[in-house]
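Colleague: model the following, please.
(2 chains)
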Number of protein chains: 2
Amino acid sequence: MAVYFHNKSSLSFVLGYLLLRNRENGSRNALKPMDSEQLREHGHRMVDFIADYYKTIEDFPVLSQVQPGYLHKLLPDSAPDHPESLEQVLDDVKAKILPGVTHWQNPSFFAYYPSNSSVAGFLGEMLSAGLGIVGFSWITSPAATELEMIVLDWLAKLLNLPEQFMSKGNGGGVIQGSASEAVLVVLIAARDKVLRSIGKKSLEKLVVYSSDQTHSALQKACQIAGIHPENCRVLQADSSSNYALRPELLQEAVSQDLEAGLIPFFLCANVGTTSSAAVDPLAGLGKIAKSNEMWFHVDAAYAGSACICPEFRQYIDGVETADSFNMNAHKWFLTNFDCSLLWVKDQYALTEALSTNPEFLKNKASQANLVVDYKDWQIPLGRRFRSLKLWMVLRLYGSENLKSYIRNHIKLAKDFEQLVSQDPNFEIITPRIFSLVCFRLVPEENHEKKCNNRNRKLLDAVNSSGKLFISHTALSGKFVLRCAVGAPLTEEKHVKEAWKVIQEEASFLLSK
Amino acid sequence: MAVYFHNKSSLSFVLGYLLLRNRENGSRNALKPMDSEQLREHGHRMVDFIADYYKTIEDFPVLSQVQPGYLHKLLPDSAPDHPESLEQVLDDVKAKILPGVTHWQNPSFFAYYPSNSSVAGFLGEMLSAGLGIVGFSWITSPAATELEMIVLDWLAKLLNLPEQFMSKGNGGGVIQGSASEAVLVVLIAARDKVLRSIGKKSLEKLVVYSSDQTHSALQKACQIAGIHPENCRVLQADSSSNYALRPELLQEAVSQDLEAGLIPFFLCANVGTTSSAAVDPLAGLGKIAKSNEMWFHVDAAYAGSACICPEFRQYIDGVETADSFNMNAHKWFLTNFDCSLLWVKDQYALTEALSTNPEFLKNKASQANLVVDYKDWQIPLGRRFRSLKLWMVLRLYGSENLKSYIRNHIKLAKDFEQLVSQDPNFEIITPRIFSLVCFRLVPEENHEKKCNNRNRKLLDAVNSSGKLFISHTALSGKFVLRCAVGAPLTEEKHVKEAWKVIQEEASFLLSK
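Modeller: Next up, the predicted model:
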């Protein structure tokens, strides 16, 4: 059909009409944001992009070398009015985003603790994003709640946790976003449990205990929960106990507080501290917590993974005295961030503190108490289907492979430790237990301050090389270098190469 | 090379030795959890699995019809010792997981508010999982922090938010996991700001204000922050104001509290409540908040998205008086869950309340105050690279398409509203503003209780059909049905079909 227009204004009238019609019948020519064939085509391209990234991941500097504000100069000031192509976006990812990425998955990433990404974990994330459900209540996707209960029970078995942490009785496991959220929810549960019996005006009397090696997440949780800062007992741990909290010290502090009319209510112990992977003696500490009716939380965010190996299970001996136990599957257990596993013995302590029950969320299954609604076990309402990725890791790898994976990293860390201890310029600061090695350049003539500065310079030099990324901490005033083995791609050669770079940079520094 | 064994015991010795060697040199034959070619192969299969899911998504009952505990019967009690194949896992997803999924992305999902998944959002999630970074501090991936600042500025511009919410000065935007976390962090910031000046013992005097239509997230945030429940003013909103909070009511409550020696410190207003999408008058409320030095938070979790359209921007007029503003890009803005956008005028109020600065996270850029470290703007330490998905949504769709997308849903909701209002058995409960329609079967002879039961039965019947999923709420004691249009695949035919099913189920009920 041919249409002829007599003049320009007729044409613009018709065009205007068509535009209006198009706008009113928006659904006809409009954006199709979830077209299955576009998802297929673009999804395949993204898979290739990511596979290619991993193929070339060793070509990037491990620690990003950009300057603050770099991206602002590269991107426009406003969102585009009209669509751009996936090609343009991926080109920008390559040219503008990747230079600003610190490559946590690079095999020479030895900083902090690892944050494992694996094929299984990645597939689980894809599937979770693909299904696009929000599992706050059982009814909003029963599979999300039930799979979570099941895989947390699987993990509890692998860790040989006491039965009370499993979903059969009053206990159970739940996936939190992070260890920070885990310690916050149990702190709130413990706070409200005690305040329900003694009255909320006693908040100012509540006392929290932990060693000075405990993660800053506890301090933050206390800030949020309104625990008075002067009631946070940060007990000193030093080299005499390999930075573990000594039960005598806890007992002393508790007794003093009781005498002063205060109320000890929460103890956080560590299995694998952030600074040096120190392990607190759970049994001894738990006994004191129990006899004082305190909530006993165990933070095994990093080292918990190792405890699936029978030879490392000893480090959580005493966990039977704990009220809650936390391990991050997203650290060293091949499950992409975020996936922090929390088990509690008394789920009702959590739900009494964190439940809300608005009309718009009521449903038969919840009202009849037939189901778990995980919204009442966590801070946010919404939650992703995170159990999928943990389930896929467990099934696609199997527990025996997972144990070998952990053992291999520990072996590599042992190798690194040996290399360090053979070099007279260096010293090991605290005995290695898992896959973290704490070391430094030795001081000259006991000059500690100078030594700290020298190690700080070494850290900068090593990380600026782009060849590896290590981090640091302070132990008893010493500036200490940390080499944490645990990235999924790390092999023997990367550890050896890392040590070579450290030695070279050290030689250069020492020669100056 | 051939090796001969003289007897069985020699053979088993050698095998044992090889096994031991293999175990010690774990890296040789061990699990390769991040092999780029396996990622490519398995990633492609997962993309096809998800694309096929979307192709057939209308074949599933929208609301899962399984019974509590169904999955426990289908899965083993323990994790497997040895690997299973991706095929086995995907078969189980089909046979065991999908029946327990409530299909939020089904075009006939009209319950709660939507949780949009789109191709762009999905690609962003993939890329984020693929890069596997943890962006707590700037240094841990500068691109993650900087892209987040940039896209939040883009959104602020699209929403025409005041300049003070942008990253240039003291303000800025941040991605939280959910609106619950957003309101919690600003509540904590506000609490600590006021307690810093009047002393922490005054906690018990702090008063929070909101309408009774406010999301339960505020109540939960108050519980967590230790605000005394008797100091939470839940002000009644009714049909006379279309469930908006009347400023006179707020003024009255504030005056009474001041007279009683209490300290008004936090006001939460809504743009698009969960029950009925009611809009509080921001300008009038903000004036009262300002003159009483209260923190003024605006929760526009759902309806904020609509405000990028000039014709809907009026609903956030008055936002210039707010201290913080929240909108969930994961609801109605095509960005996969989770992606809750929070803007604040005073970033230092947040960071003063939520900062920790342990030695192991110190670095030059942070110590020199050259950068933003988002860990201090949120509850958890760790954070995913969530800005990628929002950036991809904005670039792959463009703001004009996003406006059309929103307008189309609002048009479809208008159509649904018209269909309801033409049926004498039904009534519209409160005027529709955005894409939510609140309606119910009319009562017979003003018998409200009977009417509530009948509507409850209708809800059950409709949802049990599996053909669509709607939810409910209570407004002034009335049991009300909610139809929220907003799933990315929803078209005119789905809305018409939904109404047909509701009418049929209603006829059946009424005929009994």
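Colleague: domains in chain A, as residue ranges please.
Modeller: A:36-64+A:101-115+A:398-512, A:134-397 (automatic domain parsing).
Colleague: so which of those domains is the most packed in?
Modeller: Neighbour counts (mean count of other C-beta atoms under 10 Å in any protein chain shown) averaged over each of the domains of chain A peak at domain A:134-397, with a mean of 22. In this view, the C-beta of every residue, glycine as well, is placed from N, C-alpha and C.
Colleague: distance between it and the chain's centre?
Modeller: 14 Å (C-alpha atoms, centre = their mean, to the nearest Å).
Colleague: distance between the ends of it?
Modeller: Taking C-alpha to C-alpha, to the nearest Å, the first and last residues of domain A:134-397 lie 27 Å apart.
Colleague: if we can go back for a sec, turn the domains of chain A into a markdown table, including mean pLDDT.
Modeller: Shown next, in a markdown table, are the domains of chain A (pLDDT from 0 to 100):
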| stretch | mean pLDDT |
| --- | --- |
| domain A:36-64+A:101-115+A:398-512 | 97 |
| domain A:134-397 | 97 |
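Colleague: and of those domains, who's closest to residue B:487?
Modeller: Closest to residue B:487 of the domains of chain A is domain A:134-397 (C-beta to C-beta; 12.4 Å).
Colleague: enumerate the beta-bridge partners assigned to residue A:326.
Modeller: With DSSP bridges applied, residue A:326 shows beta-bridge pairing to residue A:299, residue A:342.
Colleague: next one: it from residue B:48, what distance?
Modeller: 37 Å (C-beta to C-beta, to the nearest Å).
Colleague: then residue A:41?
Modeller: Counting by C-beta to C-beta, the gap from residue A:41 to residue B:48 is 11 Å.
Colleague: next: residue A:496.
Modeller: 41 Å.
Colleague: please apply the same query to residue A:457.
Modeller: The gap separating residue A:457 from residue B:48 is 52 Å, by C-beta to C-beta.
Colleague: got it, and residue A:298?
Modeller: Distance from residue A:298 to residue B:48, counting by C-beta to C-beta: 42 Å.
Colleague: doesn't residue A:497 belong to a helix?
Modeller: Yes - applying DSSP: H, G, I helix; E, B strand; the rest coil, one finds residue A:497 inside a helix.
Colleague: not counting sequence-adjacent ones, nearest residue to the residue sitting nearest the centre point of chain A?
Modeller: Geometric centre of chain A, nearest residue: residue A:178, 4.8 Å, by C-alpha atoms, centre = their mean. In space, residue A:178 comes closest to residue B:380 once its chain neighbours are excluded; the distance is 3.8 Å by C-beta to C-beta, 6 or more residues apart in numbering or on different chains.
Colleague: please apply the same query to residue A:351.
Modeller: Using C-beta to C-beta, 6+ apart and skipping residues adjacent in sequence, the residue nearest residue A:351 is residue A:376, 4.3 Å away.
Colleague: let me see the contact set for the one you found.
Modeller: Contacts for residue A:376 were tallied using C-beta atoms under 8 Å, 6 or more residues apart in numbering or on different chains; they are A:350-351, A:354-356.
Colleague: from the residues you listed, pick the one nearest chain B.
Modeller: Lowest distance from chain B to those (C-beta to the nearest C-beta) belongs to residue A:356, with 3.8 Å.
Colleague: which parts of the stretch 401-512 of chain A sit against chain B?
Modeller: Listed as neighbours of chain B in the stretch 401-512 of chain A under the rule C-beta under 8 Å from any C-beta of the partner chain: A:401-402, A:404-405, A:407-408, A:411-412, A:460, A:471-474, A:482, A:488-489, A:491-492.
Colleague: inside strands: which ones of these?
Modeller: Those of those mapping onto strands are A:471-474, A:482, per DSSP state E.
Colleague: now the helices for the stretch 151-300 of chain A?
Modeller: Under the criterion DSSP state H, counting those that start in this stretch, the stretch 151-300 of chain A contains helices at A:179-198, A:216-225, A:247-259, A:282-291.
Colleague: which other helices and strands does the last one contact?
Modeller: Put plainly, it is helix A:282-291. In terms of contacts (3 or more C-beta pairs under 8 Å, 6 or more residues apart in numbering or on different chains; DSSP states H and E), helix A:282-291 is packed against helix A:247-259, strand A:263-270, strand A:295-299.
Colleague: how about JSON lines for those, with distance to residue A:333 added?
Modeller: Converted to JSON lines, the helices and strands packed on helix A:282-291 look like this (distance: least, C-beta to C-beta, whole Å):
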{"stretch": "helix A:247-259", "distance to residue A:333": "29"}
{"stretch": "strand A:263-270", "distance to residue A:333": "18"}
{"stretch": "strand A:295-299", "distance to residue A:333": "15"}
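Colleague: wait, which of those is closest to residue A:284?
Modeller: Nearest to residue A:284 among the helices and strands packed on helix A:282-291 is helix A:247-259; the distance by C-beta to C-beta comes to 3.7 Å.
Colleague: correct me if wrong: residue A:287 contacts residue A:320.
Modeller: No - taking contacts as C-beta atoms under 8 Å, residue A:287 lies outside contact range of residue A:320: 11.0 Å.
Colleague: what residues are up against residue A:80?
Modeller: Listed by C-beta under 8 Å, 6+ apart, the contact partners of residue A:80 are B:394-395, B:398-399.
Colleague: what about the strands in chain A?
Modeller: Going by DSSP E, chain A shows strands at A:172-176, A:206-211, A:232-235, A:263-270, A:295-299, A:324-328, A:340-344, A:426-430, A:436-441, A:471-475, A:478-484.
Colleague: packing partners for the shortest one?
Modeller: Spelled out, that is strand A:232-235. In terms of contacts (3+ C-beta pairs under 8 Å, 6+ apart), strand A:232-235 is packed against strand A:206-211, helix A:247-259.
Colleague: residues contacting it, please?
Modeller: For strand A:232-235, contacts defined as C-beta under 8 Å, 6+ apart pick out A:207-212, A:214, A:219, A:222, A:245, A:249-250, A:253, A:257.
Colleague: at 6 Å instead, please
Modeller: For strand A:232-235, the surrounding residues in contact (C-beta atoms under 6 Å, 6 or more residues apart in numbering or on different chains) are A:208-209, A:211-212, A:222, A:245, A:249, A:253.
Colleague: also the fourth one?
Modeller: Strand A:263-270 is contacted by residues A:190, A:194, A:205-210, A:214, A:218, A:254, A:257, A:280, A:282, A:285, A:289, A:292, A:294-299 when judged by C-beta under 6 Å, 6+ apart.
Colleague: take that strand, keep the C-alpha atoms, and write them as CSV.
Modeller: Extracted in CSV, the C-alpha atoms of strand A:263-270 (Å, rounded to 0.1, in the frame of the first residue of the first chain):
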residue,chain,number,x,y,z
ILE,A,263,24.8,-7.8,83.2
PRO,A,264,27.1,-10.0,81.0
PHE,A,265,25.0,-11.2,78.1
PHE,A,266,27.0,-11.8,74.9
LEU,A,267,30.3,-13.5,74.1
CYS,A,268,31.7,-13.6,70.6
ALA,A,269,34.6,-16.1,70.1
ASN,A,270,36.6,-16.6,66.9
